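> 3D, please:
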Amino acid sequence: MPWDRLSCSYGTAELFAQILNSLAKAVKKSKFDEKKLGELLDEIAAQCEYQETFWHATHFALVFLVQIYKSALGEKGLKCFLSLCL
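So this is what the prediction gives:
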């Protein structure tokens, strides 16, 4: 994905690959760090939307977030993944 060519809240979206990879790794761990996971989710949300504006990278990030979500459901089950979100 050419993140460097997509705009986000703070310029171009080069950090998206790093954030999404870190998020994918975090949900795959049997013992995850809730604080770290929350920080990653906050960061991707801040990069996608600012002052009610959604940026070009938002649509592409959503596709990857859905893939991470589906992966987490498959590996840990719905109950465990929902505990991450609450």
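> burial count for residue 15?
When neighbours are counted by other CB atoms under 10 Å, residue 15 registers 16. Any C-beta I mention is one placed from the backbone N, CA and C, and that applies to glycine too.
> can you pull the buried residues of stretch 44-63?
Going by neighbour count (16 or more other CB atoms under 10 Å), the buried part of stretch 44-63 is 44, 47, 48, 55, 57, 58, 60, 61.
> Check stretch 7-16 too.
Under 16+ other CB under 10 Å, the buried positions of stretch 7-16 are 8, 9, 12, 13, 15, 16.
> Quick one: distance of the lengthiest helix in the chain to the chain centre.
Across the chain, the longest stretch assigned as helix under DSSP state H is helix 56-76. Between the centre of helix 56-76 and the centre of its chain there are 7 Å (CA atoms, centre = their mean, to the nearest Å).
> Ok, stretch 34-53 next?
Distance of stretch 34-53 from the chain centroid (CA atoms, centre = their mean) equals 8 Å.
> Let me know the average pLDDT across it.
Averaging pLDDT along stretch 34-53 yields 86.
> cool, and stretch 66-75?
79.
> Could you export that stretch as PDB, keeping only the C-alpha atoms?
Provided in PDB are the C-alpha atoms of stretch 66-75 (Å, rounded to 0.1, in the frame of the first residue of the first chain):
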ATOM      1  CA  VAL A  66     -11.400  -5.300   9.300                       C
ATOM      2  CA  GLN A  67      -8.700  -7.900   8.300                       C
ATOM      3  CA  ILE A  68      -7.100  -7.600  11.800                       C
ATOM      4  CA  TYR A  69     -10.500  -7.900  13.400                       C
ATOM      5  CA  LYS A  70     -11.400 -11.000  11.500                       C
ATOM      6  CA  SER A  71      -8.000 -12.500  12.300                       C
ATOM      7  CA  ALA A  72      -8.500 -11.800  16.000                       C
ATOM      8  CA  LEU A  73     -11.900 -13.400  15.900                       C
ATOM      9  CA  GLY A  74     -10.500 -16.500  14.200                       C
ATOM     10  CA  GLU A  75      -7.700 -16.900  16.600                       C
END
